[in-house]
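compute the structure for the input listed below.
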Amino acid sequence: MGEPKKSRKKFTRPKKSHDKERIDEEKKITEEYGLKNKKEIWKAEAAITRIRSQAKKSIVGEEEGKIKFMNRLIKLGLIKPNSELDDVLGLTLKNWLDRRLQTIVYKKGLANTIKHARQLIVHRKVKIKGNRVNIPSYIVKIDEEKEIEILKPIKIKKEKSEEENVD
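Residues are numbered from 1 along each chain as shown. Okay, here's the model as predicted:
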């Protein structure tokens with residue numbers, strides 16, 4: 001067996017650590033999407049940056065590579081089926097965050113709040129295609145979106161019945 005691959009950072013930190021505008025913007029995004037910390041924002045930004053750079057490379061590359069690249073983005077739901085490479089260059093952070101499992105569970109109405117959606121996912125109460133998923137940042141494909149379901153909650157026994165409380 002071979003050696004394991006070298007683990008690398010999946011994000012880059014901002015160059016200016018105390019930029020007020022960036023901090024305020026990240027705070028809004030964190031609250032809107034229920035993110036745990038700023039690192040999740042940076043990971044999403046890095047993913048979008050990688051996709052944009054692949055799009056720039058595929059503009060010059062072969063036609064077959066372009067088709068595969070576009071099909072992958074269509075399956076992820078980041079672009080529409082009739083989109084062009086120019087649309088890929090226009091992808092934003094919010095496009096990526098909208099495809100996260102946590103956001104989709106909330107927007108489908110399976111959770112009361114975005115943080116409730118995160119808790120359900122972390123506590124393994126969400127299934128996709130019959131498999132339990134406990135990663136809130138999981139990027140949901142278009143065909144998997146219809147297969148998301150919540151496990152039936154466990155009923156908690158009441159300590160006292162309502163009749164005893166009345167007396």
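
any figure for the gap between the residue nearest to the spatial centre of the chain and I41?
Nearest residue to the geometric centre of the chain (CA atoms, centre = their mean): R100, 1.9 Å. In this view, R100 and I41 are 12 Å apart by CB to CB, to the nearest Å. In short, each C-beta sits where N, CA and C put it, glycine included.

from what I see, the residue nearest to the centre of the chain and E32 are in contact.
No. Using CB atoms under 8 Å, R100 is not in contact with E32, being 11.8 Å away.

skipping its backbone neighbours, what lies nearest V122 in space?
Leaving aside its sequence neighbours, V122 sits nearest to N134 (CB to CB, 6 or more residues apart in numbering; 5.8 Å).

wait, a helix at that neighbour?
No. If the criterion is DSSP: H, G, I helix; E, B strand; the rest coil, then N134 is coil and not within a helix.

which residues touch it?
I121, V122, H123, R124, V126 (CB atoms under 8 Å, 6 or more residues apart in numbering).

list only buried entries from the residues you listed.
Buried members of those, scored by 16 or more other CB atoms under 10 Å, are I121, V126.

show me the contacts for E32.
I114.

that one sits in which helix or strand?
Taking DSSP states H and E as the definition, one finds E32 inside helix 20-33.

look up how far R50 lies from K56.
From K56 to R50 the distance is 11 Å (CB to CB).

typo on my end, it should be I59
15 Å.

what's the answer for R99, then?
15 Å.

what residues are up against the residue nearest to the residue nearest to the centre of the chain when sequence neighbours are not counted?
Distances taken as CB to CB, 6+ apart put S137 closest to R100, at 5.5 Å, once the chain neighbours are dropped. In this structure, S137 makes contact with E40, K43, R100, L101, Q102, judged by CB under 8 Å, 6+ apart.
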